[in-house]
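Colleague: Let's see this in three dimensions:
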Amino acid sequence: MKQRIAPWLAAAAMGLVAFVPVARSASPVCARLCANAWTLDAEASTDAEEALEDALDEYKEEELRLRGPRGSDMASIEKAEMEESLGPLQRRPRREELHAELKQRLVIPASLRISQDGQEFRIDEGRGGPRRFDLEEPYSRVDSFGTARISARLSGNSFTVAEKYRRGRSNTEAYAVDAKSGMLVVTRTLTRQSMPHLVVRSVYRPAP
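Modeller: Take a look at the predicted model:
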C-alpha cells in the first residue's frame, strides 16, 4: 500500500525549501581575484617613488597672478589692497604640495585580499578595515583633497575603481589576474593638471 503524505506536511516541507538561504555566487572576475591572498612582488612592480619623480619633472607650476583688475575708485583700490594682502591667485598646487599628495596616494600595500558579497566588493590591504565598493551606486566622499565622485565596476576580466575630483583630477585603480602567469596586476593611474598621467603597476603573487 502506498503511503500518503498529509497535505499540511507537504506544505510545511515546501515552506522549508522556500526559506533555505541561497548563497550569492561571486562574479567570474571575483572567482579569479578572490581565489587567493596576494603578496607584493616588488621587483616585478613599478617603483612608485621613481615614477612620481619622473612625472613631477614635467609638472608645470602655475604662473601666479593678481586676483582681479585694479580700478581708480576708492572701493576698487581697497579691494585690490585686500587681495594683494592675500597673495596671488593660485589654481594649482605647488610642486611640494603635489608631491606630498601623490606620495600619500601611492602607498602600495604589501598584501591584498579581495572578496565579494553580492554587489559589494571589498579590498583588504592589511591596514584598518577593508575598503568597500558598491557596484550599483556611485557615491561621494569628502576628504582632505576635496569631494570625490567614486564609482566601481566590472569590465571584462578586471575590477576598476574610479575617483573623480574637480578640475580634471582623478585616481583610477584596475585589478586583474593575468591569464598566463596567474599574477594579480594592480594598475594605478593618477591624473593631474599640467602633468603627464602617473601610472604605477604593482604585481602580486599568490600568498604561500
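
Colleague: Strands along the protein, start to end?
Modeller: 37-40, 111-117, 120-124, 131-134, 139-143, 146-155, 158-164, 170-177, 184-191, 198-206 (DSSP state E).

Colleague: As CSV, those strands with mean neighbour count, mean pLDDT and distance to residue 103 would be great.
Modeller: C-beta here means a position set from N, CA and C on the backbone, and glycine is covered the same way. Formatted as CSV, these follow (neighbours: other C-beta atoms under 10 Å; pLDDT from 0 to 100; distance: least, C-beta to C-beta, whole Å):
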stretch, mean neighbour count, mean pLDDT, distance to residue 103
strand 37-40, 18, 98, 17
strand 111-117, 17, 95, 20
strand 120-124, 18, 96, 20
strand 131-134, 15, 94, 19
strand 139-143, 9, 89, 16
strand 146-155, 15, 91, 18
strand 158-164, 19, 96, 17
strand 170-177, 19, 96, 13
strand 184-191, 19, 97, 11
strand 198-206, 19, 97, 11
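
Colleague: Using JSON lines, please lay out those strands together with distance to residue 29.
Modeller: Listed next are the strands of the chain as JSON lines, based on distance: least, C-beta to C-beta, whole Å:
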{"stretch": "strand 37-40", "distance to residue 29": "15"}
{"stretch": "strand 111-117", "distance to residue 29": "8"}
{"stretch": "strand 120-124", "distance to residue 29": "9"}
{"stretch": "strand 131-134", "distance to residue 29": "13"}
{"stretch": "strand 139-143", "distance to residue 29": "21"}
{"stretch": "strand 146-155", "distance to residue 29": "5"}
{"stretch": "strand 158-164", "distance to residue 29": "6"}
{"stretch": "strand 170-177", "distance to residue 29": "8"}
{"stretch": "strand 184-191", "distance to residue 29": "12"}
{"stretch": "strand 198-206", "distance to residue 29": "16"}
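
Colleague: Would you mind telling me which of those is nearest residue 57?
Modeller: strand 198-206 (11.5 Å; C-beta to C-beta).

Colleague: Relative to that closest one, what are the paired strands and their orientations?
Modeller: Strand pairing for strand 198-206, determined by DSSP bridges: strand 37-40 (antiparallel), strand 184-191 (antiparallel).

Colleague: Look up the residues forming beta bridges with the one residue sitting closest to the centre of the chain.
Modeller: Centroid check for the chain by C-alpha atoms, centre = their mean gives residue 161 as the closest residue, at 4.4 Å. Beta-bridge partners of residue 161, counted by DSSP bridges, are residue 152, residue 173.
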